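Undergrad: Build me a model from this:
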Amino acid sequence: MLELQELVTILQRYPSLTVHLTLEALSKFIHLIRLLKPYLLTIKSPAFQVSAEESPEHLPRNVHDFLKLSMDLDDEVTKLAWLAVSPVAWIVETDIETLRHSGQQYIQLFIDHGLARGIAFYHFAPPTVLCYECSKWRSIGGSSERELKESMTFPITVFTQDFGPVPGLQTSMSSAMNCARIYNESLAGHQFSPTLPITYFKSLELDTEDVWNGLFLYWLLVDCQENGLRLELDHGASSQAQRLERPLHARNLRMSGPGQEEWNHACDDCCWIDNTDQQNLRVLRSVVVDGTDLQRITCEVHDCTNTLGSLRDFFCPEHQYLSVYCVVDSCKALAGDGFKTCADKDHRKMEEDKNLQNKAMFRLKRRLMRLQNLRPELNIADVLGDDDDDDELCNGKPESGNRPRRARFSHRLTHNEELCVASCGIILGRATFYGSEAPNGVRVCTLLLEDPPCLSRLLDIPHALVSHSNVSSSRNLA
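TA: This is a model prediction of the structure:
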């Protein structure tokens, strides 16, 4: 806390503040600045520059209004008070004890004047806005650090011992893995660890699985609340993942087609209605069907939609018997022990070459080239040098032709996620394309948007469809 002499010095430097602020009010203003600092550090905008060492010269509108209402000041006095007090108050860090002592006095102010403006007494944010991974590449020649982008802020409820449940906010800039790492390395307190009994065996570290299980459970609870359902879990399951598997699958089925919130959206930008003839209402609705480059691992059998038993599996339980065969296409021989190919010399050489590629120089070069995409300032040519080992002489066309044998040594990925988007930009539905983005797949994706009990509605199915293969798609829809 600031010393009394520092408060007096501020009032002497800005004597006009003494008309509006007493020493008690000035102390309150300083406390609010310290409580607002974590939130201000999460704001990333070209018009608002802030750092942990230096307070910003001006405030965003929502923070200015919060301070004005909380202190019962006018706009000009609020600006002057911030200019006078913030440089001194900003350098004082807020710890847990300060929050506990300040909560009883200031939480109500945040509830009354802050929540509507996106400000909360408890605002949790990452301890750093710099990418952890980029720091690893600085040893290769990088110079500048890269900041995390696209932060997202969510309303949360903080269950406290001192004040009970309190509204709060959380700003996230990372994945589940980094979320666990950030908590373990910065937010997790270990003051009670030395006092635990020596027989205590439970881990005190948050891992990625805990983060995902917590998120999945929260999303299931929200889904059940929105649909008026009751969440039922199998308490006899061997793991939390298996316990959540069935309700997650049911939720995903509900979200297919009519389960989307905007499934039956219609507006003047995507729908045209001709009501000149009341007996024959004519409707035209237009949508665009296109794929996004999002993929996930799936069964090795083409167009199989079954779920893998584990992320380590290559085949679903139904096709698991195929895992003992050679991975080369059209080969029906059994794979050798410890190999993915059969005893055929050509097939075995394909596997040996594949294993060698994972260690070869050209493989490492490709990885380094991907690094250059992240760090353009790196001079890859200086790192690689002159190397002509990859150049191979053409020995002519082989007798077997130029079409090579195909083999799949890694996981098969789905082709894409197909979106059905109204012409106004609203996403109406989504479907997974497993094998290809064929016209018949577009047909199935479109028909998924149909709700069988509501076929009488005129706006249930798009009346004008635009896709890559529009002619073939319309032939399939006919």
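
Undergrad: Could you check the pLDDT of Pro398?
TA: pLDDT, Pro398: 56.

Undergrad: Parallel or antiparallel, list what pairs with the top strand by length along the chain.
TA: Identified as the longest strand of the chain according to DSSP state E is strand 282-292. Paired neighbours of strand 282-292 in the sheet (DSSP bridges): strand 271-274 (antiparallel), strand 416-422 (antiparallel), strand 464-466 (parallel).

Undergrad: Those strands: which one's closest to Gly291?
TA: Nearest to Gly291 among the strands paired with strand 282-292 is strand 416-422; the distance by C-beta to C-beta comes to 3.7 Å. Quick note: C-beta positions are derived from backbone N, CA and C, even for glycine.

Undergrad: Go through that closest one and flag the buried ones.
TA: Asn416, Glu418, Leu419, Cys420, Val421, Ala422 (16 or more other C-beta atoms under 10 Å).

Undergrad: Save those residues as a markdown table, and put in distance to Arg408 and pLDDT too.
TA: Below are the buried residues of strand 416-422 laid out as a markdown table (distance: C-beta to C-beta, whole Å; pLDDT from 0 to 100):
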| residue | distance to Arg408 | pLDDT |
| --- | --- | --- |
| Asn416 | 18 | 85 |
| Glu418 | 23 | 82 |
| Leu419 | 27 | 81 |
| Cys420 | 30 | 81 |
| Val421 | 32 | 85 |
| Ala422 | 37 | 85 |
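
Undergrad: Out of those residues, the closest to Ala84 would be?
TA: With C-beta to C-beta as the yardstick, the closest approach to Ala84 among these comes from Val421, at 52.3 Å.

Undergrad: so where's the stretch 151-300 of the chain uncertain?
TA: The model of the stretch 151-300 of the chain has pLDDT under 70 over residues 151, 173-178, 186-192, 256-258.

Undergrad: Please enumerate the strands of it.
TA: For the stretch 151-300 of the chain, the strands defined by DSSP state E, counting those that start in this stretch occupy 152-160, 164-172, 271-274, 282-292, 297-298.

Undergrad: could I get the longest strand of the chain in CSV with only the CA atoms?
TA: What follows is strand 282-292, C-alpha atoms only, in CSV (Å, rounded to 0.1, in the frame of the first residue of the first chain):
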residue,chain,number,x,y,z
ARG,A,282,-43.7,-19.2,-53.3
VAL,A,283,-40.4,-19.3,-51.4
LEU,A,284,-36.7,-19.1,-52.6
ARG,A,285,-33.9,-19.8,-50.2
SER,A,286,-30.3,-19.8,-51.1
VAL,A,287,-27.3,-21.5,-49.4
VAL,A,288,-23.7,-22.2,-50.1
VAL,A,289,-22.2,-25.6,-49.4
ASP,A,290,-18.4,-25.7,-49.0
GLY,A,291,-15.7,-27.5,-47.1
THR,A,292,-13.2,-26.3,-44.5
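
Undergrad: In it, which residues are buried?
TA: By 16+ other C-beta under 10 Å, the buried positions in strand 282-292 come out as Arg285, Ser286, Val287, Val288, Val289, Gly291.

Undergrad: Kindly report the same for stretch 66-86.
TA: For stretch 66-86, using 16+ other C-beta under 10 Å, the buried residues are 66-68, 70-71, 73, 77-82, 84-86.

Undergrad: Quick check: the farthest pair among those residues?
TA: Phe66 and Ala84 (18.0 Å).

Undergrad: gap between stretch 105-118 and the chain center?
TA: What separates the centre of stretch 105-118 from the centre of its chain is 28 Å, taken as C-alpha atoms, centre = their mean, to the nearest Å.

Undergrad: buried sites along that stretch?
TA: Those would be Tyr106, Ile107, Leu109, Phe110, His113, Gly114, Leu115, Arg117, for stretch 105-118 by 16+ other C-beta under 10 Å.

Undergrad: right, and out of those residues, which lies closest to Pro197?
TA: Ile107 (35.6 Å).

Undergrad: pLDDT on the helix or strand where the closest one lies, on average?
TA: According to DSSP states H and E, Ile107 maps onto helix 96-109. For helix 96-109, mean pLDDT is 81.

Undergrad: Run a quick neighbour tally on Gly336.
TA: By other C-beta atoms under 10 Å, 15 other residues sit near Gly336.

Undergrad: That one - that's part of a helix, no?
TA: No: counting by DSSP: H, G, I helix; E, B strand; the rest coil, Gly336 is not part of a helix but coil.

Undergrad: Skipping its backbone neighbours, what lies nearest it in space?
TA: Leaving aside its sequence neighbours, Gly336 sits nearest to Ala343 (C-beta to C-beta, 6 or more residues apart in numbering; 5.8 Å).

Undergrad: now swap in Gly118 and tell me
TA: Asn62 (6.0 Å).

Undergrad: export the helix or strand that contains that neighbour as PDB, just CAs?
TA: When elements are assigned from DSSP H and E, Asn62 belongs to helix 61-71. This file holds the C-alpha atoms of helix 61-71, laid out as PDB (Å, rounded to 0.1, in the frame of the first residue of the first chain):
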ATOM      1  CA  ARG A  61     -14.500   3.900 -22.300                       C
ATOM      2  CA  ASN A  62     -15.900   1.100 -20.200                       C
ATOM      3  CA  VAL A  63     -13.100   1.400 -17.500                       C
ATOM      4  CA  HIS A  64     -13.500   5.200 -17.400                       C
ATOM      5  CA  ASP A  65     -17.200   4.900 -16.900                       C
ATOM      6  CA  PHE A  66     -16.700   2.300 -14.200                       C
ATOM      7  CA  LEU A  67     -14.400   4.500 -12.200                       C
ATOM      8  CA  LYS A  68     -16.600   7.500 -12.700                       C
ATOM      9  CA  LEU A  69     -19.700   5.800 -11.400                       C
ATOM     10  CA  SER A  70     -17.800   4.000  -8.600                       C
ATOM     11  CA  MET A  71     -16.300   7.200  -7.300                       C
END
